[in-house]
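Undergrad: okay, here's the prediction I keep looking at, along with the sequence it came from:
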Amino acid sequence: MELSIREIGYGDQSINKKMKIYLNLFHAIVSEIHFWDEYSKNEKSKKLSSFLEDFKEINTLVDYFDDFAANLDKKTLNFFLKSVISP
């Protein structure tokens, strides 16, 4: 992430400030979607809309995250961690 900020053209002093902004935004998003499975589709759209104001395909994004969560529930952790060695 730091390299991406540098590529945009921010200097050393600005990078710490931008990283702090991004981390605070990340934590705000995580706290808002913590109970994702308990929200209705309308509530999910509102949650995402508060962070993606100009994004027009919010319902498509909600469907994507719902499908992704359902896909994660179907598979074990070992499926995602190829380097796990079975005893």
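TA: On my side now, so go ahead. Numbers count the residues shown, from 1 in each chain.
Undergrad: show me what contacts the residue nearest to residue 55 when sequence neighbours are not counted?
TA: Nearest residue to residue 55 in three dimensions, chain neighbours excluded: residue 61, at 7.1 Å (C-beta to C-beta, 6 or more residues apart in numbering). For the C-beta atoms, the positions are set from N, CA and C on the backbone; glycine is no exception. Shown in contact with residue 61 (C-beta atoms under 8 Å, 6 or more residues apart in numbering): 48, 52, 55.
Undergrad: what about the longest helix in this structure?
TA: Secondary structure of the chain read by DSSP state H shows that its longest helix is helix 12-32.
Undergrad: following the chain onward from that one, which element is next?
TA: Scanning forward in sequence from helix 12-32 by DSSP states H and E, the next helix or strand is helix 41-51.
Undergrad: tell me which helix or strand in this protein has the weakest average pLDDT.
TA: Least confident helix or strand of the chain, by mean pLDDT, DSSP states H and E, is helix 77-80 with a mean of 76.
Undergrad: next one: residue 82, what pLDDT does it get?
TA: For residue 82, the pLDDT comes out at 68.
Undergrad: nope, residue 46 is what I meant
TA: pLDDT, residue 46: 92.
Undergrad: what is the nearest of the contacts of residue 61 to residue 67?
TA: Residue 67 has its nearest neighbour among those in residue 48, at 14.7 Å by C-beta to C-beta.
Undergrad: next one: phi and psi at residue 56?
TA: phi -90, psi -20 (degrees, to the nearest 10).
Undergrad: flag the shaky bits of the chain, pLDDT-wise.
TA: Where the chain drops to pLDDT under 70, the residues are 82-87.
Undergrad: domain map for it?
TA: The chain breaks down into these domains under automatic domain parsing: 1-32, 35-87.
Undergrad: contacting residues for residue 58?
TA: By C-beta under 8 Å, 6+ apart, the residues touching residue 58 are 45, 48-49, 52.
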